[in-house]
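Enquirer: Return atomic coordinates for the entry below.
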Amino acid sequence: MSIEGRAIANQDDYRIALAGDKADVGFFRGGYEQYRKFFDDTGGYYAPFMPSSFALDRDLSLKMGRAWFDVGLTLPDWPRIVIGYEYQFKNGTKPTLQWGQAAFGVDPAVVRGIYPASKEIDERTHILKFDLTHEIRGVSIENSFRGEFYDLRTTRLNANFISTETDRFMRFQEGYQHFQGANMFRLEKHVLDWLLISGGYLYSKLNADATFAQVEIIDLRSPGPSFFREDQA
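Expert: Numbers count the residues shown, from 1 in each chain. Just a heads-up that it's a prediction; the model follows:
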């Protein structure tokens with residue numbers, strides 16, 4: 001049995017892995033890891049503006065990681081069977097290059113698309129695994145299955161910084177999810193020293209769905225209320 005670990009608390013970086021093996025019985029392997037990726041919140045640059053670049057004034061980072069385990073059966077004269085599960089995740093906020101419009105200077109007609117934007121991400125993946133290998137009278141049998149459940153949700157906000165016009169904010173919300181299953185089966189046999197016969201099949205299926213919503217928020221800069229217009233697909 002073996003244990004491996006690492007932890008960096010202030011930077012949110014963790015990893016632990018476990019493994020065990022017993023001859024002619026089976027094995028297990030598993031672990032968990034997580035780390036964070038940081039991004040700059042500054043947009044584009046245009047020298048005549050003052051300031052010449054804009055920032056969101058907040059930390060942008062994505063937390064990413066996975067957890068997994070595999071359990072195997074290796075009994076003599078039995079099929080070798082491995083069952084596994086893996087969970088992957090990603091959540092947080094990252095910058096995008098779909099920048100908003102900015103006008104800040106003596107000439108209000110000078111507009112540049114340099115105002116920074118960000119996207120919130122929530123991504124999750126569940127993976128199921130099954131592997132079987134065996135040999136009967138010289139015939140090698142192999143079967144492998146993978147099933148993946150994937151879900152993604154994002155929200156992106158584009159804002160303008162134009163002091164002489166009505167503020168407009170665009171919010172984009174997107175969703176995507178799918179299940180993909182694949183199974184492979186193979187038979188193989190050495191008939192003669194110079195002749196090998198092998199055959200099998202691969203089957204894969206994907207079911208997916210996606211959503212999209214666009215919201216336009218208009219600030220009239222008056223005592224009256226703001227309003228928004230929403231388009232969905």
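
Enquirer: Can you show me the strands along this protein?
Expert: Counting by DSSP state E, the chain has strands at residues 2-8, 13-22, 26-39, 42-45, 53-55, 60-73, 80-103, 112-136, 139-159, 161-162, 167-192, 195-219, 227-232.

Enquirer: Other residues contacting the fifth one?
Expert: What that stands for is strand 53-55. With contacts defined as Cβ atoms under 8 Å, 6 or more residues apart in numbering, strand 53-55 is touched by Asp41, Thr42, Gly43, Gly44, Tyr45, Tyr46, Ala102, Ile114, Tyr115, Pro116, Phe161. Glycine gets a C-beta too; all of them are placed from N, C-alpha and C.

Enquirer: Tell me which two of these sit farthest apart.
Expert: Asp41 and Tyr46 (17.2 Å; Cβ to Cβ).

Enquirer: CA-only coordinates of stretch 67-78 in CSV, if you can.
Expert: What follows is stretch 67-78, C-alpha atoms only, in CSV (Å, rounded to 0.1, in the frame of the first residue of the first chain):
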residue,chain,number,x,y,z
ALA,A,67,-11.4,12.7,-7.8
TRP,A,68,-11.0,9.2,-8.9
PHE,A,69,-10.9,5.5,-7.9
ASP,A,70,-10.3,2.2,-9.6
VAL,A,71,-10.9,-1.2,-8.1
GLY,A,72,-9.6,-4.3,-9.8
LEU,A,73,-10.2,-8.1,-9.3
THR,A,74,-7.2,-10.4,-10.2
LEU,A,75,-8.2,-13.8,-8.9
PRO,A,76,-6.5,-16.7,-10.6
ASP,A,77,-8.5,-18.4,-13.4
TRP,A,78,-11.0,-15.6,-13.2
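
Enquirer: What's the local residue count around the residue nearest to Asp21 when sequence neighbours are not counted?
Expert: Computed as Cβ to Cβ, 6 or more residues apart in numbering, the closest residue to Asp21 that is not its neighbour in sequence is Phe27, at 4.2 Å. Neighbourhood size, Phe27 [other Cβ atoms under 10 Å]: 15.

Enquirer: cool, and Ala102?
Expert: 25.

Enquirer: need the contact list for it.
Expert: Per Cβ under 8 Å, 6+ apart, neighbours of Ala102: Gly43, Tyr46, Phe49, Phe54, Val111, Arg112, Gly113, Ile114, Tyr115, Asn160, Phe161, Ile162.

Enquirer: Tell me the predicted confidence for the spatially closest residue to the last one that is not a sequence neighbour.
Expert: Take Ile162 and drop its neighbours on the chain: the residue closest to it by Cβ to Cβ, 6+ apart is Ala103, 4.4 Å away. The model reports Ala103 with a pLDDT of 79.

Enquirer: hang on, Phe28 packs against Trp68?
Expert: No: checked against Cβ atoms under 8 Å, the pair Phe28 and Trp68 is beyond contact range at 11.0 Å.

Enquirer: which residues sit in contact with the residue sitting nearest the centre point of the chain?
Expert: Centroid check for the chain by Cα atoms, centre = their mean gives Glu123 as the closest residue, at 4.6 Å. By Cβ under 8 Å, 6+ apart, Glu123 lies in contact with Gln88, Phe89, Lys90, Asn91, Asp151, Leu152, Arg153.

Enquirer: residues near the third one, how many?
Expert: So that's Lys90. Counted by other Cβ under 10 Å, the residues lying close to Lys90 total 17.

Enquirer: ok, now which ones touch it?
Expert: Leu62, Lys63, Met64, Ile121, Asp122, Glu123, Arg124.

Enquirer: quick check, nearest of those to Gly72?
Expert: Among these, and counting by Cβ to Cβ, the member closest to Gly72 is Arg124, at 26.0 Å.
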